[in-house]
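Trainee: take this sequence and fold it.
(chains A and B)
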Amino acid sequence: AQKVTQAQTEISVVEKEDVTLDCVYETRDTTYYLFWYKQPPSGELVFLIRRNSFDEQNEISGRYSWNFQKSTSSFNFTITASQVVDSAVYFCALSGGETSGSRLTFGEGTQLTVNP
Amino acid sequence: KAGVTQTPRYLIKTRGQQVTLSCSPISGHRSVSWYQQTPGQGLQFLFEYFSETQRNKGNFPGRFSGRQFSNSRSEMNVSTLELGDSALYLCASSSGDTQYFGPGTRLTVL
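Mentor: Got it, this is the predicted structure:
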């Protein structure tokens, strides 16, 4: 079975600070996808980023960056120079592979609060 | 492109009733998945439909069912509602490996 763990339940930062959200996953599949979604108070899950298991290149997209390390089964997400609008619940998710197909397995979520 | 739409956005029902939720995917997307979100259990996969066929199913009782139409629109039905069915029900559509979510239907069972 697949499992995603987000150990940080809540994080509170002051605007312009950098913040890293941790994600650790478990899977027996050799091919899989990892995602980060954002859920603002309105409730809709907003897709942020996706990585596949055979591409460990880390990238930066605007204020977002991610660190995928297969050796430690981690997929951490960093927001640089945080803004109040970044306040939301962030979910790490896992899908793909022989055992679960396209269903998403989500972590528990991390509530990020950015204070002015 | 318009995003995933879900109707209704809010719903209040009483125990024992049944409910039908609707989801219209992004144009061109043939796969639709449903998830339940509760404070206690988090986000859990219900089922996935592709080309009118259920392709994947989560661990939910038979009271939860769904279907997909030829235009890829999907409905899910919950019969004999229980208090524990109160949740945010999210629909997602995909054309590849990324799922895009709708705003959800918040169901309250009294």
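Trainee: all contacts plus neighbour counts: C-alpha atoms, from now on.
Mentor: Fine.
Trainee: what does chain B put close to chain A?
Mentor: Within chain B, the residues that sit near chain A (CA under 8 Å from any CA of the partner chain) are B:33, B:42-45, B:48, B:56, B:90, B:97-104.
Trainee: can you say which of these are buried?
Mentor: The neighbour count (16 or more other CA atoms under 10 Å in any protein chain shown) marks B:33, B:43-45, B:48, B:56, B:90, B:98-104 as buried among the residues of chain B next to chain A.
Trainee: and those, which is closest to A:S61?
Mentor: Closest approach between those and A:S61, by CA to CA: B:T98, at 17.4 Å.
Trainee: closest to chain A among the residues of chain B next to chain A?
Mentor: Closest approach to chain A among the residues of chain B next to chain A (CA to the nearest CA): B:P103, at 4.2 Å.
Trainee: residues contacting that closest one?
Mentor: A:42-45, B:4-6, B:9, B:90 (CA atoms under 8 Å, 6 or more residues apart in numbering or on different chains).
Trainee: go again using 6 Å as the cut-off
Mentor: By CA atoms under 6 Å, 6 or more residues apart in numbering or on different chains, the contact set of B:P103 is A:E44.
Trainee: so which of the residues of chain B next to chain A are in strands?
Mentor: Restricting the residues of chain B next to chain A to those inside strands, with DSSP state E as the criterion, leaves B:33, B:42-45, B:48, B:56, B:90, B:100-101.
Trainee: tell me which two of the residues you listed sit farthest apart.
Mentor: Spatially, the most separated pair among these is B:G42 and B:N56, at 19.2 Å (CA to CA).
Trainee: wait, A:P116 sits on A:V13?
Mentor: No - using CA atoms under 6 Å, A:P116 makes no contact with A:V13, being 8.9 Å away.
Trainee: so for the ones in strands among the residues of chain B next to chain A, which is the shakiest by pLDDT?
Mentor: pLDDT across those is at its lowest for B:N56, which sits at 90.
Trainee: tell me the spacing between that residue and B:W34.
Mentor: 10 Å (CA to CA, to the nearest Å).
Trainee: can you pull the residues that touch both of those two?
Mentor: B:F47.
Trainee: where does the prediction get shaky in the chain?
Mentor: Using chain A. Within chain A, the stretches with pLDDT under 70 are A:97-100.
Trainee: helices of that one, start to end?
Mentor: With DSSP state H as the criterion, chain A has no helices.
Trainee: residue of it with the smallest distance to chain B?
Mentor: Counting by CA to the nearest CA, chain A gets nearest chain B through A:E44, at 4.2 Å.
Trainee: which residue sits closest to that residue, ignoring its sequence neighbours?
Mentor: When the adjacent residues along the chain are set aside, A:E44 lies closest to B:P103, with 4.2 Å between them (CA to CA, 6 or more residues apart in numbering or on different chains).
Trainee: need the per-residue pLDDT for the one you found.
Mentor: pLDDT, read off for B:P103, is 96.
Trainee: setting the sequence-adjacent residues aside, check what's closest to B:P8.
Mentor: B:T105 (6.1 Å).
Trainee: might one say that A:Q39 is in contact with A:L45?
Mentor: Yes - between A:Q39 and A:L45 a contact is recorded at 4.7 Å, counting by CA under 6 Å.
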